[in-house]
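Asker: have a look at this prediction, sequence included:
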Amino acid sequence: MHQDEYAQALIKALENTTREEAGEIVKRFIALVRRAGHIRLLPKIVAAYERLQKIREKRSGAIVSIAKEQDAQIYDRAIKEAVGELRVSSETITLRTDETLIGGYRVTTRDKMIDRSFKRSLSTIYHRAISD
Amino acid sequence: MNNIIIEKIKKEIAGFSPAQSVERIGTVVRVGDGIVEIDGLTDAMMSEMIVFDDTERKPLAETLRSKDAVFGLVLNLEEDAVKAVILGDGARVKEGMIAKGTGKVLSIPVSNDLVGRVVNALGEPVDGKGDLPRETFYPIERVAYGVIDRAPVNVPLHTGTKAIDAMVPIGRGQRELIIGDRYTGKTIVAVDTILNQKSEPKETRPICIYVAIGQKESKVAQLVHELETRGAMEWSIVVVAGASDPAAFQFLAPYAGAAIGEFFMEQGKDALVVYDDLSKHAVAYRQLSLLLRRPPGREAYPGDIFYLHSRLLERAAKLSKEKGGGSLTALPIIETQQGDVSAYIPTNVISITDGQIYLDADTFNKGTRPAINVGLSVSRVGSNAQTKAMKKVAGKIRLELAQFRELEAFMQFSQDLDADTKSRIEKGRRLSEILKQYKHLPIQFERQVVAIYAATTGLLDTVPVEEIGNCEKALLHFLDAEYASVLTAIREKKDMDKDTESALVAALARFKETHPAFFA
């Protein structure tokens, strides 16, 4: 898995850099890969870099799922509270429609979720009722 | 839908308030070979149970009809991901699925209703005899009791096998390894120990837990049938992780057995757990570790292979009175290859346990069964785990047999032997013969005491070697019929005082008079 390790190292090296600094870092990176004898891995390293960048971008944002488009307005305040609780920037929110939720909303980040959908509530009620 | 459920649902709706809590989740990024890589779950704990939510994008009706959830067990906490093993149907776990943390370490349901049942590594019944209660849960992984909470091992666990109870005695709370090549009778020693508990009074009878790891399902079925036929399921539990079960189940099964044993131990009872076998357990753990990309060490086993078994076997203990006085005895089984006890896993487990019973393939093939190699077998608890009666009769037997083995080898090279050597050899042959025993016929300790006493005091010196077995049977039958009080006295007092010994000597003399055919 050399390409993944190279790609991760490059991502970390390029964090919080300016455009000029980034250019210099990339040059040095290619020289390092050539010196290690892994220059043939470069296309795979680029592919791994793109894949890992996508995952990182996905991690920093949140997905808000609603059953119908109009629910975004109905639950606007509650959604903003949930987003605040999960400490997510409102600029990184993606809105999605999922009819299976029936109503309500669900906010999902990389490692947390607040599920206030009708589907979830109804499922909970049902399972509690039949569990005894 | 019946009215009861409708009323319950109405009640739930009336009192319902939606959950406010934030759930910890992750997303499955890779799944294969029973291993899942999850992105997220940043606060995951080691050995935490996670649940895979396969209801994403499914309508409510389908969600309600959905099968039981698939669980996973977190085993790797990496910088950017969490890796877990799937505990269930791996085909239901897909990339992109949500994995939720439960915040709990893996536990199994335990109860007194487990006795008589066959369960899997998660404590779920697999014998088709109905559900088990799920009120009390014990963690699969748990720190062993400390020194202060333990008491010395001094109560015998009678295996019913003469050679073991006389020369390699096992105490309650001890770990005694059973080691040998394939088909040398290792499982039989363990099963006979379980069967022999029939002769124990109910109040002191240990609960026996047999853990089958990587065994053929047919072998386990046969074993359960044997236990059922002999009535032993009344005090036994079987935990199965067969050869066709995932490596994760084979890895967890021994710990599940230990957790069940601890449940009974903490009630002040005695429990016995047999791990059959830990060689397959090590192989299953190696498979999981390699799939989790942990660095392989010697023989491709992971670096913590010793800890895998040491933390399991340390959970066997004899508890102090303050902690209830219960005990958990462990009989781990290890399979060697071509008698090599110096291999990696065997040496690991030998160094952990309080002794070993070594079963020799050559001895087995010569017809001496149980094929116990007395020279390589030891019990580090020793005579502390023997009744006084057995201590008196078995004291010399180990030494006499060791001398016999040396002389037997010498005998092959020389025919001119002095009278003393010849008599030692003849005595040794008779002692070896008296220690032979058929499988699944365990003998109560008082009968063992009598048989060994007869052999060591010279009663059998004139009996042809090939007739020793029949003579022993006839002797015990004779004592049952005419001198039952002698056996009762030994059983109740667990000792052979002067009066009992005199009565036994008189009984043996009477036996010799009334059964001249045995004595040449």
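Answerer: Yep, that arrived. Numbering: from 1, shown residues only, chains lettered A, B, ... in the order given.
Asker: give me the mean pLDDT for the lengthiest helix in chain B.
Answerer: Ranked by number of residues, the top helix in chain B under DSSP state H is helix B:247-265. In this model, helix B:247-265 carries a mean pLDDT of 98.
Asker: CA atoms only: put stretch B:326-346 into CSV for me.
Answerer: Taking C-alpha atoms only, stretch B:326-346 is exported to CSV below (Å, rounded to 0.1, in the frame of the first residue of the first chain):
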residue,chain,number,x,y,z
GLY,B,326,-16.4,-20.6,44.2
SER,B,327,-13.9,-21.9,41.7
LEU,B,328,-13.3,-22.2,37.9
THR,B,329,-11.1,-25.1,36.8
ALA,B,330,-9.7,-25.0,33.3
LEU,B,331,-8.7,-28.0,31.2
PRO,B,332,-7.2,-26.5,28.0
ILE,B,333,-6.3,-28.9,25.2
ILE,B,334,-3.4,-28.5,22.8
GLU,B,335,-2.7,-30.7,19.8
THR,B,336,0.9,-31.3,19.0
GLN,B,337,2.4,-32.3,15.7
GLN,B,338,4.5,-35.5,15.9
GLY,B,339,4.9,-35.2,19.6
ASP,B,340,6.7,-31.9,19.5
VAL,B,341,6.0,-30.3,22.8
SER,B,342,8.7,-27.7,22.2
ALA,B,343,6.7,-26.0,19.4
TYR,B,344,5.6,-22.4,19.8
ILE,B,345,2.0,-22.6,21.0
PRO,B,346,2.5,-25.8,23.1
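Asker: mind listing what's buried along that stretch?
Answerer: B:326-336, B:339, B:345-346 (16 or more other C-beta atoms under 10 Å in any protein chain shown). All C-beta atoms are positioned from the backbone trio N, CA, C, and that covers glycine.
Asker: just give me the least confident of the residues you listed.
Answerer: Comparing pLDDT over these, the lowest score belongs to residue B:339 (93).
Asker: any idea which element it lies in?
Answerer: Taking DSSP states H and E as the criterion, residue B:339 maps to no regular element, lying outside all helices and strands.
Asker: now do the contacts for it.
Answerer: Residues touching residue B:339, when contacts are defined by C-beta atoms under 8 Å, 6 or more residues apart in numbering or on different chains, comprise B:180-181, B:360-361.
Asker: got any ranges where the chain has weak pLDDT?
Answerer: This is for chain A. Flagging of chain A using pLDDT under 70 yields the residue ranges A:1, A:58-59, A:132.
Asker: chain B is the one I meant
Answerer: Of all residues in chain B, those with pLDDT under 70 make up the ranges B:1, B:16-20, B:413-415.
Asker: residues contacting the residue positioned nearest the centre of it?
Answerer: For chain B, residue B:274 is the residue whose C-alpha lies nearest the centre (C-alpha atoms, centre = their mean; 0.6 Å). When contacts are counted by C-beta under 8 Å, 6+ apart, residue B:274 is found next to B:190, B:193-194, B:208-211, B:331-333.
Asker: now do residue B:460
Answerer: Residue B:460 makes contact with B:430, B:434, B:454, B:468, B:471, according to C-beta under 8 Å, 6+ apart.
Asker: tell me which of those is nearest to residue B:29?
Answerer: Using C-beta to C-beta, residue B:434 is the member of those that sits closest to residue B:29, with 65.3 Å.
Asker: the residue lying closest to the closest one once chain neighbours are set aside in helix, strand or coil?
Answerer: With sequence-adjacent residues excluded and distances taken as C-beta to C-beta, 6 or more residues apart in numbering or on different chains, residue B:434 is closest to residue B:455, at 4.3 Å. Counting by DSSP: H, G, I helix; E, B strand; the rest coil, the backbone at residue B:455 sits in helix.
Asker: can you give the contact residues for the helix ranked longest in chain A?
Answerer: In chain A, ranked by residue count with DSSP H as the criterion, the top helix is helix A:42-60. By C-beta under 8 Å, 6+ apart, the surrounding residues in contact with helix A:42-60 are A:3-4, A:6-8, A:10-11, A:30, A:33, A:92, A:109-110, B:29, B:39-40.
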